[in-house]
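Participant: One predicted model, sequence on top.
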Amino acid sequence: QVQLQESGPGLVQPSQTLSLICTVSSGSIISGGHYWSWIRQHPGKGLEWIGYIYYSGISYYNSSLKSRATISVDTSKNQFSLKLSSVTAADTAVYYCARVVVTYFDSWGQGTLVTVSS
Amino acid sequence: QSALTQPPSASGSPGQSVTISCTGTSSDVGGYNYVSWYQQHSDKAPKLMIYEVDKRPSGVPDRFSGSKSGNTASLTVSGLQAEDEADYYCVSYAGTNNFYVFGTGTTVTVL
């Protein structure tokens, strides 16, 4: 069973860039048919898809983030990462990484809380 | 893209059944047989319970079942157990413009 683990700073200052890494274990990020995604959950609220990437580097994003999000992949480390620029308090959320089987999310990381505050 | 509409809460006694609805549009739920359901216990990561409307991943009890009619999908939990108390979210694939649309979430309480 593939496992995912998020890591990164828990506190980011307003207007700065949020950076998170997802490390994949017990499975290869270079696996056909799988995409690698970031999803967030605002405190006490529902879930929001941020974007996903294929191991080749092709990525797609939620248009509501207005091009602030960038997802990249490092196949040598079996990791993928998220950068979200120009953050505000509205970006405070638990960020999850997840594996995508085209139309659904079959494995999730435990999530990491990122707070945007000065 | 608007979120899929779910009832905020649902409840039932142990052994009873509860059904949660998930209403979208012809651009998401109604347009694809790609609705999935996730269970989220407090402060835990979501867990896949149903995919492609009515398929159960290995390890998910057959007490959980899914269906769809038109623009509305449903998750039914039969034989409610205390451990089923959690938040449930539906997700629909919505094509290559909007990709994934999440539901508003339903809190299931076992009385």
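Facilitator: Cool, got the structure. Residues are numbered from 1 along each chain as shown, chains lettered A, B, ... in the order given.
Participant: which helices and strands sit right next to the helix or strand hosting B:Ser74?
Facilitator: Taking DSSP states H and E as the definition, one finds B:Ser74 inside strand B:72-77. The helices and strands touching strand B:72-77, judged by 3 or more Cβ pairs under 8 Å, 6 or more residues apart in numbering or on different chains; DSSP states H and E, are strand B:18-23, strand B:64-69, strand B:86-93. Glycine gets a C-beta too; all of them are placed from N, C-alpha and C.
Participant: Out of these, flag the one nearest B:Lys47.
Facilitator: Of all the helices and strands packed on strand B:72-77, strand B:86-93 sits nearest to B:Lys47, with 8.8 Å by Cβ to Cβ.
Participant: That closest one and chain A, any residue contact?
Facilitator: Yes - judged by Cβ under 8 Å from any Cβ of the partner chain, strand B:86-93 comes into contact with chain A through B:Tyr89, B:Val91, B:Tyr93.
Participant: just the buried members of the residues you listed?
Facilitator: B:Tyr89, B:Val91, B:Tyr93 (16 or more other Cβ atoms under 10 Å in any protein chain shown).
Participant: Check those residues for the minimum pLDDT and say which it is.
Facilitator: Taken together, these show their lowest pLDDT at B:Tyr93, with 93.
Participant: Could you find the closest non-adjacent residue to that residue?
Facilitator: B:Tyr34 (3.7 Å; Cβ to Cβ, 6 or more residues apart in numbering or on different chains).
Participant: Cheers, nothing more for now.
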